[in-house]
Structures are given as structure tokens and as C-alpha cells.
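Engineer: The following comprises the amino acid sequence and a computationally predicted model.
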Amino acid sequence: MSEQRLRDLLRITPDESELEARASRARRLAVSRLSEHCLDALDTPWWRWKSAVALAALCAFSVFVITREPEATPAPESLRVHVVLSDGTRVQWILHDDFKL
Amino acid sequence: MTSALTMEAVDAVRPSQDPIEEWLAAARAGDRQALESFLKAIDQRVYTLAWRLIGDPALAGDAAQESLWKVCRSLDRYTPGTNLWGWIYRIVVNQVHDLRRSGAARSAAASNYEREPRVNAHDPIRQERLRHVMDAMAVLTNKERNALVMIDIEGFSSSEAARLLGCLAITARTRATQARRKVRRELVRYYPELKEKS
């Protein structure tokens, strides 16, 4: 008898209206969190996609810069050689691009 | 509310065309309206269980919100045809466990119930009984409280409660017995009829 009375007491709950109010609030908050999560989930792939494209473009550009051949240095039109001999004689050769002195 | 039922009893009283199962199936297929109907059908039991395990209305609200959110996120993990309420209750129990471990529940004394604004306190006798019960349950350890709530209040068998609480059936039964003794000792001063006849 007292066991049943104890169980009855323990099974008491707050007012139905209070339970309903608090449970509804918890549900609404969970649902709004779910909505935010869904929006995030929709946004995330775009964000990731854009980042991935930017990263890929950067990599491609880097590869291009590293691997491209250096521009050919323009050939000198002439080569000048100055020589000073031991007796003080100064000699200057000018070698033209057609290898004519 | 059908809180005092065993898992088998819950299954037994459930009509064959249980809308909760239908809403759940539709929600798993991506029907948002069905998901909201499903949550509406379970929110009070989820909140009530959290409230009984924690004893603090505000923290129970947090635990219920987090549990409902986890239910939404793990719909795919539920196997249709298995014990739906067992699955939901396990999520709530784990959530309450996490909340206690985080320390949030420890700081909330049973007297918080007094400070909480009452949504509807038009029944003073009920409120007083509620306070007596909450104060009495505040003397229990978390494990004793869990066992008492699952076995004596929610009506699960020892083995069912043990599965939900992650312990042996005999452990759950022993804890519930200890808890009952302690709670009775606290309540008998207000309710002399609870005194055990020797």
C-alpha cells in the first residue's frame, strides 16, 4: 500500500500547461537549430567549392610560373674586349654579332 | 502521458497505425512537416524524462532541446520496427549524463525549482507535493536517481533500465531499492502513510 503511495507521489509531474510550454520551447529551439543547420549545409558546399577552385587556380598558376621557360636574353650586338699589355699598350677589340673585328 | 509503461507495454498499447512511426518514416525520407509532427509527439515525454533525471526545469529544457536535436540528426540510426521509445530514452539519458559531466547540473541545486518562475502555479497542493518530491530526490546520487526514475517512475523492468543506463540489471535494481529507501525516509515526514510497517 505504502509502496504504491510512494510510486504515485514520485510520478507527480508539473502542471500539464507548464510541461507543454517547456517541451514546446525545447522543440522550437531544436527545430530552429535544425533550420540553421540545413541552411549551413546548403551554404557549405558553395563555400568549399569556391575555396577549392581558388586553390586549384593558385596551384595551376604556380606550376605555370615555375615551369615556363625563361625568356631568351637578347643577344648582344657586340662584344668589347680591352687589353692592357705590359708595355702599357692598350688594345681594344670590338667583336660584332657577325664575328667581324 | 503514458510514462509508467514497460518497453513491451509501450509496444503493446501502441496502435498498429501509430502516427509517430509514420511521421518518423516520412521524416527519414526528408519530409520536414512529418519531422515537426514527430517531434511534437515526443517532446513532452522527452522533457519529462529529462526533468525527472535532472530535477531542474531550466536544465531539463536544455537537455530536452539537445536531445530532440540529436534525435533529428540521428534519424538514420534508428532501425524501424525496433523499440522507438528505448532509442529516444537512450538519447535523453546520454544527454543528461553529458550535462551532469559538464558540471552544469551540479551547480543547480534542487532549490532552483523554487527560483524558477512558474509557468502555471494555480494548483498550490500539487506544487507543494512537487517540491517535496524534488527535495527528497535531491539527496540521491545520480546513479540512484537514474535507477529510481527508470524503474519506479517510468516503469521499465530492471533489465530494460539496465540496458538504458549501461549497467547490470542487478545493479540497477539495487540502486533503485537504495534510492527508494532514501526517498521514503525524506518523504515520510510529510506523508506519514509512507512509513513501512515493521
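Structural biologist: Right, received. Where do you want to start?
Engineer: how much space between B:Lys70 and B:Arg77?
Structural biologist: Distance from B:Lys70 to B:Arg77, counting by Cβ to Cβ, to the nearest Å: 10 Å. For the C-beta atoms, the positions are set from N, CA and C on the backbone; glycine is no exception.
Engineer: Next, B:His122: secondary structure please.
Structural biologist: What DSSP: H, G, I helix; E, B strand; the rest coil gives for B:His122 is coil.
Engineer: where's the residue nearest to it when sequence neighbours are not counted relative to B:Val92, distance?
Structural biologist: Leaving aside its sequence neighbours, B:His122 sits nearest to A:Asp15 (Cβ to Cβ, 6 or more residues apart in numbering or on different chains; 7.4 Å). Per Cβ to Cβ, A:Asp15 is found 21 Å from B:Val92.
Engineer: So the two - more neighbours on which side?
Structural biologist: Legend: neighbour count by other Cβ atoms under 10 Å in any protein chain shown for A:Asp15 and B:Val92, higher for B:Val92 (26 against 17).
Engineer: pretty sure the more buried one is touching B:Trp51, no?
Structural biologist: No: counting by Cβ atoms under 8 Å, B:Val92 does not reach B:Trp51; the two are 10.3 Å apart.
Engineer: Report the set of residues contacting both of these two.
Structural biologist: B:Ala64 (Cβ atoms under 8 Å, 6 or more residues apart in numbering or on different chains).
Engineer: is it true that B:Leu24 touches B:Ser74?
Structural biologist: No: with contact defined as Cβ under 8 Å, B:Leu24 does not count as touching B:Ser74 (11.7 Å).
Engineer: And the two? Which one has more around it.
Structural biologist: The residue with more neighbours, out of B:Leu24 and B:Ser74, is B:Leu24; 22 against 11, by other Cβ under 10 Å.
Engineer: Okay, the residue nearest to that one when sequence neighbours are not counted and B:Glu21: tell me how far apart.
Structural biologist: Using Cβ to Cβ, 6+ apart and skipping the chain neighbours, the partner closest in space to B:Leu24 is B:Phe38 (5.3 Å). Taking Cβ to Cβ as the measure, B:Phe38 falls 9 Å from B:Glu21.
Engineer: The two - which one has more neighbours?
Structural biologist: B:Phe38 (26 against 16).
Engineer: Pull the contacting residues for that one.
Structural biologist: Residues near B:Phe38 by Cβ under 8 Å, 6+ apart: B:Ile20, B:Trp23, B:Leu24, B:Ala27.
Engineer: how does it look with 10 Å?
Structural biologist: B:19-28, B:31, B:68, B:71-72, B:75, B:84 (Cβ atoms under 10 Å, 6 or more residues apart in numbering or on different chains).
Engineer: Filter those residues down to the buried ones.
Structural biologist: B:Ile20, B:Glu21, B:Trp23, B:Leu24, B:Ala26, B:Ala27, B:Leu68, B:Val71, B:Cys72, B:Leu84 (16 or more other Cβ atoms under 10 Å in any protein chain shown).
Engineer: Dump the helix or strand containing B:Arg131 to CSV, keeping only the CA atoms.
Structural biologist: Element membership of B:Arg131, judged by DSSP states H and E, is helix B:124-137. The C-alpha trace of helix B:124-137 is given here as CSV (Å, rounded to 0.1, in the frame of the first residue of the first chain):
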residue,chain,number,x,y,z
PRO,B,124,-0.7,25.0,-4.7
ILE,B,125,-1.1,21.5,-3.4
ARG,B,126,0.4,20.0,-6.4
GLN,B,127,3.2,22.5,-6.3
GLU,B,128,3.9,21.6,-2.7
ARG,B,129,4.0,17.9,-3.4
LEU,B,130,6.2,18.5,-6.3
ARG,B,131,8.6,20.4,-4.1
HIS,B,132,8.6,17.6,-1.5
VAL,B,133,9.4,15.0,-4.2
MET,B,134,12.1,17.1,-5.8
ASP,B,135,13.8,17.9,-2.4
ALA,B,136,13.6,14.2,-1.5
MET,B,137,15.2,13.1,-4.8
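Engineer: returning to that earlier point: mutual contacts of B:Lys70 and B:Arg77, please.
Structural biologist: What both B:Lys70 and B:Arg77 touch, as defined by Cβ under 10 Å, 6+ apart, is the set B:Ile91.
Engineer: Among those two, which residue is more densely surrounded?
Structural biologist: Higher neighbour count among B:Lys70 and B:Arg77: B:Lys70, with 16 against 10, using other Cβ under 10 Å.
Engineer: thought that one was touching B:Tyr78?
Structural biologist: No: B:Lys70 is beyond contact range of B:Tyr78, at 11.5 Å (criterion: Cβ atoms under 10 Å).
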